[in-house]
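**Q** dropping the sequence and predicted coords here.
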Amino acid sequence: MKVPLSWLKEYVAVDLPAEQLAERLALTGTEVERVSRVGVPAADGNLERFVIGQVKKKAAHPNADKLSLCEVDVGGKVEQIVCGARNFKEGDKTAVCLPGGMLPDGRKLESAVIRGVESHGMMCSEAELGLSGESAGIIILPEDAPVGTKLAEYVPVSDEVLELEVTPNRPDCLSIYGVAREVAAVTGAELAPEPVDDTQARGDDSIDELVKISVADGRLCPRYGARIIAGVKVGPSPLWLKARIAAAGMRPVNNVVDITNFVMWTLGEPMHAFDLAAIAGRKLTARRAGKGEKIVTIDGDSRVLDDSMLVIADEEKPVAVAGVMGGESSEVTGGTTDILLEAANFDGPGVMMTEMALGLRSESSTRFEKGLDPELVPGALAMASRMMVELCGGRLVPGQIDIYPRPRQELAVHLREEKVTGLLGIAVPAPEIVSILESLGFGCRREGGAIHVTVPSFRADVEREVDLIEEVARIFGLDLIPPTLPSDMRVMGGLSGYQSAERDIVQALTATGMNEVITYTFIYPDFADRLRLGDKDPRRDCVRLANPLSVDQSVMRTMLLPSLLSTIATNLSVRNQDVNIFEAGRAYLRADGEKLADERRTIGGCLCGSLRGETWTGGGGQADFHTGKGIVEAAFASVKGRFSVESCDEPFLHPGKSAYIAVDGRRAGYVGEVHPLVLEAFDVDRPVVAFEILEDALIGSSAGIVIFEDLITFPGSFQDLAVVVDKKIPSQDVIDVVEAAGAPLLRSAHVFDVYVGDQVGERKKSIALSLEFRSPERTLTDEDVDAARGAIVSALADKLSAALRE
Amino acid sequence: MNPKSAFVNKYKDLLKELEAHEGLAAMFADSAADFDSAADLEALEAARVKHLGRKSPLSLLLRSIPDLPPEERPIVGKYGNRARAALEQGLADRKKELEGVELERRLASEQVDITLPGEPFPRGHLHIITQTQWEIEDIFAGLGYRIAEGPEIESDYYNFTALNTPEGHPARSLHDTFFIEGHEDVLLRTQTSPVQIRVMEKEEPPVYIISPGRVYRRDSDATHTPMFHQIEGLAVDQHITLADLKGTLETFAKAIFGAEREIRMRPHFFPFTEPSVEIDVSCMICGGSGCRACKHSGWLEILGAGMVDPNVFGFVDYDTDEVQGFAFGMGVERIAMLKHGMSDLRMFYDNDLRFIKQF
Ligand SMILES: [Zn+2]
């Protein structure tokens, strides 16, 4: 909302500089985005160089056909000015910029010699003063304009503008007068009465004879007011009005339209002017549009309506999308003589849904959508009528339409003093409460410890005691509220076990050298193809966005892998080496039933390159399956959890170098080298190892609280064991047999070497284990250990045909 | 004889006794001087062979005892063996000494380039958003808040309606919402406040929670990403006041931006709080005197807050005569940007390792 300061000052006697006023408003709840200046620059006495001049003599330029040579009285002095415009004659008064003057566009005017003749100034067009786009001719001022006077004193050609960001609950501040009321309350300056003086109707006819208006949908149109101004002369607005319209950021159109816009800006009530002659059957109805009904709006676009939208229709067709935009067919044009002036109240949500459906917003709809005060209607009609009579030469036809079947009921709210204190944490004295509320237009009557408050119609946002307390707080001054902390907090804060575990996992991953990334959760729909997922794979069934920003961000991911591979690709493309990344995020699967979607917290990672970059000490080494598995082990170790691996047939992984991760026999993720075709589909030209683990399973695998075991008092006994087995036997099978046979004295068995080669024969491999035997009760004897070892060796021979390696 | 010999000095008394036998003292002094003057272990070994070896004068003397006149035998035997023992001890001492010198010399020759980098142990980096989020979480955990989480694919009811933003409410137009295909009333949450509703539905007051997480708005430029992170807080108890809100957020601002920071509240509008305020923190870049970052105001907006609107309590069946509360919400990215001097939001989601490894 642009609020030109000189316009504001017509209604409130505020004398603060713009910046200070802006600060005061910001601290009381009206955000000021910026303070800007429109029109002629004011600095360094520039406004002195713009004066009202009178053309005393106009002659042809001796050296140029299209120019004239003028003598212009600029107040006690006559200047010779060369001018290119043709729209004036001797005696005309106009706006003159004297040498040294700076124009709104930053150009500085100096005395010049034009085609051999000196020129000491410029007669200005509206465009040159920033008032409109009109640049063909110079401004012709009324005859009574005082020659020699500063132009700015006559027409507001220079102004400071407060650009307010009005919150949606305060549509009353989408008007100059509403802002003036707010300014009066926050500064104590005096507020002028509302500028709603009416004009006298003339003539023997009456509006009821000239037009029939009805409201078919009273919910979407709670009030409809109209008047007729007959015999208007449509033409350009006077300069001052153009200046106002321009300063507000609108474009002057003609006097009728400018007046409706001026009234809207002043009072906050959007108005519409119909050409009465263009209204078929002289009948208007506020009704819902028919499905598929069409209208060409004044912006020239044809729009298809539906039956949720309110239109103003004549006998044949819609002539306006109610509260949003008028139709071209009844637009006021140069030939219009009789105006039907509409001031109505339309339902906020209704207007909002209409503008969203049509993708059409206007100054009118952005006001109506917030829910306007129906009591604005009569004042707006009065003000607009008076201006049209004064500025368009029209006649107000007697009578007025005002369809307002359910007038607003006066609202009174009880405000308890102790509630003010209780909510704000500071006591505000009752007289101060009353004076604050009265300054904002509320009526107050004290009743014991409470205040009986009547709410003015323009404050529909205030309905309850708490709303009043907010009004009190913001004017009283939030800076006076003391900072305290809640007392008597009988709660415990902190992270849950799950949340702590999540942090442990993430930190364990960074400790391995992996870097955390955070990626968009919506991705491209072809990720499933790129991952070679099967036709029936449930991970193809994505949650889709109805209104994505782009196809590349149109479906919710069902796994983290595509996000990670894309991140690797972008990093490789900027030559980042060793892209080892993980994300703790969600994958989204469709869910049936009550849940909206199955959001699976997932830890996913990808290794591309080395975890320990190449340095002068060595290092390097491409990450492979077992690097990935090591990372997974680190993740599980961080929560003292356990997992097992199962053979894996994920289509996006290397069939021989991948595994499912299982927790308690339930599948909880995968780890493996990414299939080369998948890498190709993601534009990754280096090998990648990937893993994903469901966080619930990972954290759920935790053994919980560690129970103490005495590993100190009785020393353990350590032995190595090398066995030769068939090459195809997984090492885990060997471990399983060893652990079963070595119990209870065997505490752990670890593979420390695997050998394949000539020494063990073609189909065999040798696995070297380190065994730890230990008892919590005693020191083991050689006999104890020998017996346990013997049991292990014979079990290996029995179950896996394993031989001891000599 | 070298009177300055350390060896001789040490065995001064013995030497005096050795004078009982002519030649033994000279032999001792001679040996001692050679041991003393040996510059390295090699020279010392040569001296040992010369003075204590099988063919050394002392060895020869001791071996000749049986051939000596009987009265000399005990003297030569006694003093000769004492001299030998003393020389052997002295030799050992000197050897240790020379070994020490040798070791120092070797170590001195083993100098490394101390300016080469150390063994690189891998160290990954948490995303700066996570670091910031954890920092904020920890501050509020310390103030007694729990951390509550909830779904990102959310119903219209929790995201808007129960937050006092019913269908057609003008505030809805402030959120550009992503909707889910095939469901008119399902969306990507535009804020984490729906979590607050879910918690209040399940739990009785007092409630002190913060809800961090990803949120979505349909907007993309240097200052908007379609996904970002919020942390919203909620305190509901018997006597929670606006003053408590101010104190809590002042504590937070000082904790995260430095103890010298101040805050101010400006009235604002949010549908689910009444009164609503915006919180500014004194600019950490210029210290409040005004700079480009704070648009010369000395203040930076960091979060929105307010007293929970009674309508919201109505949706979760809390008795507004019994409890009141405050709520606040902030963008994690905004806090991180202010703290670390970033200006382009999109970098958070480019995930370029050069960016991630900075933090
Ligand atoms: Zn600053």
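**A** Yes, it's here.
**Q** tally of neighbours for the nearest residue to residue A:295 once chain neighbours are set aside?
**A** Leaving aside its sequence neighbours, residue A:295 sits nearest to residue A:318 (C-beta to C-beta, 6 or more residues apart in numbering or on different chains; 4.5 Å). No exception for glycine: its C-beta is placed from N, CA and C like everyone else's. Close neighbours of residue A:318, defined as other C-beta atoms under 10 Å in any protein chain shown, add up to 27.
**Q** beta-bridge partners for residue A:318, please?
**A** Under DSSP bridges, the beta-bridge partners of residue A:318 are residue A:313.
**Q** where does it land on pLDDT?
**A** On pLDDT, residue A:318 comes in at 95.
**Q** for it, which residues are in contact?
**A** By C-beta atoms under 8 Å, 6 or more residues apart in numbering or on different chains, the residues touching residue A:318 are A:289, A:293, A:295, A:305, A:311, A:312, A:327.
**Q** out of these, which is most surrounded?
**A** residue A:312 (29 neighbours).
**Q** residues touching the residue lying closest to that one once chain neighbours are set aside, list them.
**A** Nearest non-adjacent residue to residue A:312, counting by C-beta to C-beta, 6+ apart: residue A:320, 4.2 Å away. Listed by C-beta under 8 Å, 6+ apart, the contact set of residue A:320 reads A:272, A:274, A:295, A:311, A:312, A:326, A:327, A:330, A:342.
**Q** what residues does the second one make contact with?
**A** Going back to what we said before, that points to residue A:274. A:284, A:319, A:320, A:326, A:330, A:332, A:339, A:340, A:341, A:342.
**Q** give me the nearest residue to residue B:293, chain neighbours excluded.
**A** residue B:285 (4.6 Å).
**Q** can I assume the one you found sits in a strand?
**A** No - counting by DSSP: H, G, I helix; E, B strand; the rest coil, residue B:285 is not part of a strand but coil.
**Q** and the contacts of residue A:320, which two are furthest apart?
**A** Farthest apart among the contacts of residue A:320 by C-beta to C-beta are A:295 and A:342. That separation is 15.6 Å.
**Q** got a pLDDT number for residue 248?
**A** Picking chain A for this. Looking at residue A:248, its pLDDT reads 93.
**Q** meant chain B actually
**A** Looking at residue B:248, its pLDDT stands at 97.
**Q** how about the residue lying closest to it once chain neighbours are set aside, what does it touch?
**A** Closest residue in space to residue B:248, ignoring its immediate chain neighbours: residue A:485 at 6.1 Å, by C-beta to C-beta, 6+ apart. Residues near residue A:485 by C-beta under 8 Å, 6+ apart: B:143, B:244, B:247, B:248, B:251.
**Q** element containing residue A:485, please.
**A** Per DSSP states H and E: residue A:485 is located in neither a helix nor a strand.
**Q** who does the residue of the stretch 51-200 of chain A found nearest the ion bridge with?
**A** Distances between the stretch 51-200 of chain A and the ion by C-beta to the ion are smallest at residue A:165, namely 20.5 Å. Beta-bridge partners for residue A:165, by DSSP bridges, are residue A:31.
**Q** surely it is in contact with residue A:31?
**A** Yes - counting by C-beta atoms under 8 Å, residue A:165 does reach residue A:31; the two are 4.2 Å apart.
**Q** next one: residue B:22 from residue B:76, what distance?
**A** 10 Å (C-beta to C-beta, to the nearest Å).
**Q** so which of those two has more stuff around it?
**A** A side-by-side neighbour count of residue B:22 and residue B:76, using other C-beta under 10 Å, places residue B:76 first with 20 against 8.
**Q** Three-state assignment for that one, please.
**A** Classification of residue B:76 using three-state DSSP returns helix.
**Q** how close does it get to residue B:20?
**A** 10 Å.
**Q** where does chain B have low pLDDT?
**A** Within chain B, the set of residues satisfying pLDDT under 70 comprises B:1-6, B:8, B:170-171, B:173-175.
**Q** ugh, typo on my part, it should be chain A
**A** Those would be A:594, if you go by pLDDT under 70 across chain A.
**Q** got the contact list for the longest helix along it?
**A** Longest helix in chain A by number of residues (criterion: DSSP state H): helix A:782-800. With contact meaning C-beta under 8 Å, 6+ apart, helix A:782-800 is reached by A:717, A:719, A:721, A:723, A:725-726, A:729, A:733-734, A:737-738, A:740-742, A:745-746, A:771, A:773, A:775, A:802-804.
**Q** after that helix, next one along is what?
**A** Next along from helix A:782-800, by DSSP H and E: strand A:803-804.
**Q** partner strands of that next one, with direction?
**A** Strand A:803-804 has its sheet partners listed here by DSSP bridges as strand A:717-726 (antiparallel).
**Q** and the residue of the stretch 1-150 of chain B closest to the ion?
**A** residue B:132 (20.1 Å).
**Q** now the stretch 101-250 of chain B
**A** residue B:223 (17.7 Å).
**Q** can you tell me the element the residue nearest to that residue when sequence neighbours are not counted falls in?
**A** The shortest distance from residue B:223 to any non-neighbouring residue, by C-beta to C-beta, 6+ apart, is to residue B:345 (5.9 Å). Using DSSP H and E, residue B:345 sits in no helix or strand.
**Q** do residue B:326 as well
**A** strand B:324-331.
**Q** so residue A:325 bridges to which residues?
**A** residue A:321.
**Q** contacting residues for residue 114?
**A** Using chain A here. Applying C-beta under 8 Å, 6+ apart, the residues near residue A:114 are A:61, A:64, A:67, A:82.
**Q** sitting in strands, which of those residues do you find?
**A** A:61, A:64, A:67, A:82 (DSSP state E).
**Q** list only those of these flagged as buried.
**A** Among the ones in strands among the contacts of residue A:114, the ones that count as buried by 16 or more other C-beta atoms under 10 Å in any protein chain shown are A:61, A:67, A:82.
**Q** how about the strands of the stretch 151-300 of chain B, start to end?
**A** All strands of the stretch 151-300 of chain B, identified by DSSP state E, counting those that start in this stretch, fall at B:153-155, B:186-188, B:207-216, B:227-237, B:263-270, B:273-282, B:299-308.
**Q** counting contacts, what elements does the first one pack onto?
**A** In other words, strand B:153-155. strand B:186-188 (3 or more C-beta pairs under 8 Å, 6 or more residues apart in numbering or on different chains; DSSP states H and E).
**Q** quick one, what contacts the residue in the stretch 551-700 of chain A that chain B sits nearest to?
**A** Using C-beta to the nearest C-beta, the single residue of the stretch 551-700 of chain A nearest to chain B is residue A:597, 4.2 Å away. Residues near residue A:597 by C-beta under 8 Å, 6+ apart: A:543, A:556, A:588, A:589, A:590, A:591, B:151, B:153.
**Q** just checking, the third one touches residue A:538?
**A** Yep, that's residue A:588 we're talking about. No - look at residue A:588 against residue A:538 with C-beta under 8 Å: they stay out of range, at 12.0 Å.
**Q** and for the two, which residues touch both?
**A** Shared contacts of residue A:588 and residue A:538, defined by C-beta under 8 Å, 6+ apart, are found at residue A:558.
**Q** so these two - more neighbours on which side?
**A** Legend: neighbour count by other C-beta under 10 Å for residue A:588 and residue A:538, higher for residue A:588 (25 against 10).
**Q** tell me which element the more buried one is part of?
**A** strand A:579-590.
**Q** in space, what's closest to the residue of the stretch 401-550 of chain A found nearest the ion - neighbours in sequence excluded?
**A** Of all residues in the stretch 401-550 of chain A, residue A:479 sits closest to the ion, at 19.2 Å by C-beta to the ion. Closest residue to residue A:479 apart from its sequence neighbours, by C-beta to C-beta, 6+ apart: residue B:264 at 6.3 Å.
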